[in-house]
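> missing the sequence, but the structure's below:
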């Protein structure tokens, strides 16, 4: 209160400051499960105060491990990318720059480990990822490859995306043809072990990270940073989201047990372990031969991160 002669007491109110509420990400639950006890888990997931992500390393195609983590370059790359993203994703740093710098670092490791020996293009480690990130008060998703994002807004709005929009359908058809050739999973639990199937997969992977394929990845090519699939998310906050590798997203994309909104709600209400149990039951009990749901492995690695976007 300020006193002025002749006017009594006059209340003086300071100008109101506009407070901008910054959204933030909170990870609720996460799970990661190897598709086979005989193979290392080649997925990873994680996050920090401004992001959450999943990473899916591409299983090797029969070549000699270069860097290796339990004999798997894909497992090494996924773990390396996960720990790097948690350190590198900081406010003000563009995602394209992060991917470029990470791939430059990964390339140095790979080439040093190779001791100047030539590496077949199909034998280079590659991985896909999907991330949700807070940037300047907005929420964005970035990705390379076929990982998935499912989002359920507070108003019931649902959203889903992936960097490779047609990947699930194309993989189903390729798996159907490969299964027919290999005679199912009786001889090979992973069809990459069948020589003719492996040769075709090698041919396709050799074209990754080039304009010829249009498929860009985490790995050793810095230019991949310029080819990120980026979308701004517009949904009511609070919202709940589910980031998945394609092995976990199969419950929606392959086995069609849930819609996008139902999938997120089931993860939120019942937990990720319940969904993982359902996934493995379909693959190992309901359809162990891949006849109903064509796929390249009886069970793929499956990773999911459940998160909230809050104000």
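Yes, it's here. Keep in mind the model is a prediction, meaning the values are calculated, not measured. Numbers count the residues shown, from 1 in each chain.
> Give the buried residues for stretch 40-57.
Across stretch 40-57, burial judged by 16 or more other C-beta atoms under 10 Å covers 40-48, 50-57. Placement of C-beta: from N, CA and C, glycine included.
> Among the residues you listed, which ones are in strands?
Those of those mapping onto strands are 43-48, 51-57, per DSSP state E.
> For the residue nearest to residue 265 when sequence neighbours are not counted, list each beta-bridge partner.
Once flanking residues are discounted, residue 265 sits nearest to residue 152: 6.3 Å by C-beta to C-beta, 6 or more residues apart in numbering. In this structure, residue 152 has the following beta-bridge partners (DSSP bridges): residue 158, residue 240.
> Pretty sure residue 152 sits against residue 262.
No. Look at residue 152 against residue 262 with C-beta atoms under 8 Å: they stay out of range, at 9.1 Å.
> Tell me which helix or strand residue 32 sits in.
strand 24-33 (DSSP states H and E).
> Now do the helices in the stretch 51-200 of the chain.
Across the stretch 51-200 of the chain, reading from the start of the chain, the helices by DSSP state H, counting those that start in this stretch fall at 73-88, 95-114, 167-182, 195-205.
> got TSV for those, with distance to residue 236 too?
Conversion of those to TSV gives the following (distance: least, C-beta to C-beta, whole Å):
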stretch	distance to residue 236
helix 73-88	27
helix 95-114	24
helix 167-182	28
helix 195-205	40
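> Compare residue 152 and residue 262 and say which is more crowded by neighbours.
Using other C-beta atoms under 10 Å, the more surrounded residue of residue 152 and residue 262 is residue 152, with 24 against 15.
> count of neighbours near the nearest residue to residue 272 once chain neighbours are set aside?
Once its chain neighbours are removed from consideration, residue 272 has its nearest residue in residue 31; the separation is 4.2 Å (C-beta to C-beta, 6+ apart). Taking other C-beta under 10 Å as the criterion, the count of residues near residue 31 is 19.
> Test my guess that residue 31 contacts residue 280.
No. In this structure, residue 31 is not within contact of residue 280 by C-beta under 8 Å, at 11.7 Å.
> which stretches of this structure have low pLDDT?
Filtered on pLDDT under 70, the chain yields the residue ranges 1-21, 180-190.
> Leaving out chain neighbours, which residue sits closest to residue 84?
Using C-beta to C-beta, 6+ apart, the nearest residue to residue 84 is residue 102, at 5.2 Å.
> so that neighbour touches residue 89, yeah?
No. When contacts are counted by C-beta under 8 Å, residue 102 is not listed as touching residue 89 (10.3 Å).
> Sticking with residue 304, tell me its helix or strand.
With secondary structure defined by DSSP H and E, residue 304 is part of strand 302-310.
> hmm, back to that, would you convert the ones in strands among the buried residues of stretch 40-57 into CSV that also reports distance to residue 295?
What follows is those, written out as CSV (distance: C-beta to C-beta, whole Å):
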residue, distance to residue 295
43, 16
44, 21
45, 21
46, 26
47, 28
48, 33
51, 30
52, 26
53, 24
54, 19
55, 20
56, 14
57, 17
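> Check those residues and tell me the two furthest apart.
Farthest apart among these by C-beta to C-beta are 48 and 57. That separation is 20.6 Å.
> Enumerate every residue touching residue 73.
For residue 73, the set of contacting residues under the criterion of C-beta atoms under 8 Å, 6 or more residues apart in numbering consists of 57, 60, 65-67, 110, 123, 125.
> Which of the residues you listed has the largest number of neighbours?
Ranked by neighbour count (other C-beta under 10 Å), these have residue 57 at the top, with 32 neighbours.
> That residue pairs with what?
Beta bridges link residue 57 to residue 127 when assigned by DSSP bridges.
> what's the span of stretch 78-97 from first residue to last?
Using C-alpha to C-alpha, to the nearest Å, the end-to-end distance of stretch 78-97 comes to 18 Å.
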